[in-house]
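Chemist: sequence unknown, structure follows:
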């Protein structure tokens, strides 16, 4: 207790004298940046997830071929989840002479839990928003079904034994874009289902329980229900619902988290330097306390408490600033941020506070332990410097603290390990290089003017101090450049993934004889399509002539490709969204039958080139060797296949054709034309989903930009703080120079040279490490193909010099203005 | 009061052991004032730091008030210092972030005294700085800083006061006044005073002088004056 009291007094006195200023400034900046970023990331992240829920129609969907257990529904209520039940099944619907296979979606009045249901009076018109099921006895139909069955509003439609009135056309339905939903939709009221008498034992049904609520409740419910699901039941979340959306969100989240954490690491660097400065300035203080009878450990305890007080104050100030910055940002960006931005989470702030304290103590501890090692004898012999802690120990301690915090925020072990191990290696290489370059600079500047030589020599004489500065500046710039590189890659990647003219309609069930005609239609209307692919349904029955269950593991047997019929195709051309990884793409007609297999399927089933796969296609078996392995971009809105045969090799089997194409929204009426010409085809409209996906991408990009700006500002502030913290030595030397007669110009010039060299070296270090770090992060965290950035090697040193030199010269102004005697006395 | 027996201090160097203090023995009685004199590098400061328990001897023993401080560990010595020993240093060693009052109160606060500030104010008045309580060290002259240091040294009512060149950083006139203050305070508080100096004038004001040369005690005035009175006073 006495120690705390003493520390509190000491803290108050040091606070008053400004001794803690640099340390608290570093902490304040670091935590402001971190909390503004984490708050924003948290809110945008949850906002984007909500936005994505609109696409799915709910946060989670539980689907089952049998009626969903009443207990599961009541449990959802227990967990405070909103829920809506629906039943999906396929049935032929009849209108007069016309009939068509349709997907019937019987929904209750809670539908939809998220997203917008738009109903219009005629096909492809603008719709009005509806909530709830169609009134009892009435139905809503998808536009193409209206067309196919020649219906208009008010007509009658027969489903099973019931006759229902057509009350509207579905323009947009949440969750409507399921890729497996090939037949057009009829939406009816759940209460009307029984009267249709359509549900018979053996009917293929899909009972769905849509759920919506807080993330915690959803997670709790998922945890509760998952163990009870059997093989036919599925719980789908936002990430598994729309793959393109899921991976875009995932990357955006990763990026935002990474930015927050890198921002914090920036702060940590500044804190370490400021704490070291604080410790060095308190060596005498500590020795005196020891003379006055304070015990060795007591000194550390007292200083620890001083740091805790300073840390708490700096962190709280930082959190307040971060909070207000966040509020201002949200206000300024109200138009572009997700429409429903969830509220602040106080846990995020609490985490930021804890982080601030842990970083402070973790990085200041090595410095404090030096204070502990002070001998009271120093009071008589000032030259008694305490032993610096073993650099390995310091490094290990910092790594542990950093690792823990990184993991806390990023929740990604690969990322943490990459950053820590990679970071340490880079630092070692960077330090070695800087050391060599410093020596080289000394040689190069021989024979130059006195001020230049003096500046360079000063750096090389104080080698360890210079190396610490190069490392600090270099690391700061590394983190800034890494964030910048990743931001570019991510945004370019998203733009490439969803170009403006990405296919937004799928067309299936085209008869082979219509292929030529459709191609002509597309050409005549200038519609860009992804090419027509034949589609043959087949089930994989043997691998190298052995049944899969005999050769595959339990886990592999659960693979998607073994549990259902596969869509097989043949082609001589490889789609743009595919990439050959192994083997040889030669898929001409008139060759012996062979196949190309998708990479993940090959990996998970343990398939390699030369293995033979056997498919059962309508009762006939076809075997073919694997001659190539492809990577498939499943996020592209093009027809994608696990298995592709060589051209025309499945010609003897009955097939239909499919394609995807782009149609601008103002030309949607062309679909009616298309359906009239080719009555057998089904068209799946993805344009509304794509619009949502694009909106999420835009928001994610924007979030990434905002965070980038934030991290850069934090980095700059910290750069200045670092320079300020390392100024003491420089001031003293400059004062000495002035005392022995150097003029202002000379002092200014040596300072300029010093910071210039520091800048170039730190910039080079940053270029090397940012490039390496980004390479690893691309592959390990973001799954983006890495690129080499030549420009970085020029721009990094330039940027470093542009930032460091003015900051350094500005800092040194004080030296020029203050009488040397005062500086020498203060020292 | 202070018993030094066969005190030696050796340090390891590249060329073997270097003897800084060689077999020093003497005794100081309670309330006595002793000056340790000698040329630079004769071992004065080392001897002082051993006497004050700031450093450990290679061999021999230092006993203060019947307690052997050489046998204590660092933490025990710290506790011992807190209640038995006061210091005055050549370069004052005031904490720059603390005011005069706070500097003087510090040893009292470290002991957990409740009336630290009142006591500190009293002491500062005694050394003539009643009007400088809230001034920081850098706002004061060297003489004033040393007076603050003296007030601080007496704050914990030590049994022994160690002073290392207390006038070394001051001009002659100021030095004299500081010395006056030091002896006066010593007398009124009844403290034992051990001071290191190479200022002969200052040394002569002490009741007794010990002279060191190359780590050995070559003269103890209490013995020498009996044999050859006037040698040191000459």
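Modeler: Received the coordinates, thanks. Since the structure is predicted, the reported quantities are computational estimates derived from the model, not experimental observations.
Chemist: what's downstream of the helix or strand where residue A:702 lies, the next helix or strand?
Modeler: Residue A:702 is part of helix A:687-725, with elements assigned from DSSP states H and E. Sequence order places helix A:727-739 as the next helix or strand after helix A:687-725, per DSSP H and E.
Chemist: From residue A:763, how far out is the residue of the stretch 401-550 of chain A found nearest chain B?
Modeler: Evaluated by CB to the nearest CB, the stretch 401-550 of chain A has residue A:465 as its residue closest to chain B, separated by 22.6 Å. All C-beta atoms are positioned from the backbone trio N, CA, C, and that covers glycine. For residue A:465, the distance to residue A:763 equals 19 Å [CB to CB, to the nearest Å].
Chemist: the more surrounded of these two?
Modeler: residue A:763 (28 against 14; other CB atoms under 10 Å in any protein chain shown).
Chemist: so what pLDDT did that one get?
Modeler: Residue A:763 carries a pLDDT value of 90.
Chemist: and it, that one's in a helix?
Modeler: Yes. Looking at residue A:763 with DSSP: H, G, I helix; E, B strand; the rest coil, it is inside a helix.
Chemist: just to revisit the earlier point, tell me what the strand or helix carrying the residue of the stretch 401-550 of chain A closest to chain B is packed against?
Modeler: Per DSSP H and E: residue A:465 is located in helix A:463-497. Contacts defined by 3 or more CB pairs under 8 Å, 6 or more residues apart in numbering or on different chains; DSSP states H and E place helix A:463-497 against helix A:243-281, helix A:423-444, helix A:687-725, helix A:744-777, helix A:790-817.
Chemist: Check what pLDDT whichever residue of chain A sits closest to chain B gets.
Modeler: Per CB to the nearest CB, residue A:293 is where chain A lies closest to chain B, at 2.5 Å. According to the prediction, residue A:293 has pLDDT 84.
Chemist: Give me the secondary structure label for the closest residue to chain A within chain B.
Modeler: Nearest to chain A in chain B, going by CB to the nearest CB, is residue B:82, at a distance of 2.5 Å. Here residue B:82 is recorded as helix under three-state DSSP.
Chemist: list the contacts for the nearest residue to it once chain neighbours are set aside?
Modeler: What sits nearest to residue B:82 in space, not counting adjacent residues and going by CB to CB, 6 or more residues apart in numbering or on different chains, is residue A:293, at 2.5 Å. Residue A:293 is in contact with B:78, B:79, B:80, B:81, B:82, B:83, B:85, B:107, B:110, B:111, B:156, counting by CB atoms under 8 Å, 6 or more residues apart in numbering or on different chains.
Chemist: can you redo those residues as CSV with neighbour count and pLDDT?
Modeler: As requested, these are exported to CSV (neighbours: other CB atoms under 10 Å in any protein chain shown; pLDDT from 0 to 100):
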residue, neighbour count, pLDDT
B:78, 24, 85
B:79, 13, 86
B:80, 18, 89
B:81, 28, 88
B:82, 18, 86
B:83, 13, 85
B:85, 25, 90
B:107, 29, 88
B:110, 22, 83
B:111, 15, 82
B:156, 22, 85
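Chemist: Skipping adjacent residues, who's closest to residue 166 in space?
Modeler: If you meant another chain, say so; for now it's chain A. Residue A:166 sits nearest to residue A:155 (CB to CB, 6+ apart), 5.0 Å away.
Chemist: hmm, I had chain B in mind actually
Modeler: residue B:88 (4.7 Å).
Chemist: give the contact list for that neighbour.
Modeler: With contacts defined as CB under 8 Å, 6+ apart, the neighbours of residue B:88 are B:146, B:149, B:150, B:153, B:161, B:162, B:163, B:164, B:166, B:182.
Chemist: I'd like to know which residues of chain B are adjacent to chain A.
Modeler: B:45, B:48-49, B:52, B:54-55, B:74-75, B:78-83, B:85, B:87, B:89, B:93, B:95-98, B:102, B:106-107, B:109-112, B:136, B:138, B:156, B:164 (CB under 8 Å from any CB of the partner chain).
Chemist: out of those residues, which are inside strands?
Modeler: With DSSP state E as the criterion, strands contain B:85, B:87, B:164 from among the residues of chain B next to chain A.
Chemist: Do I have it right that residue A:793 meets residue A:767?
Modeler: Yes. The pair residue A:793 / residue A:767 is scored as a contact, 4.8 Å apart, by CB atoms under 8 Å.
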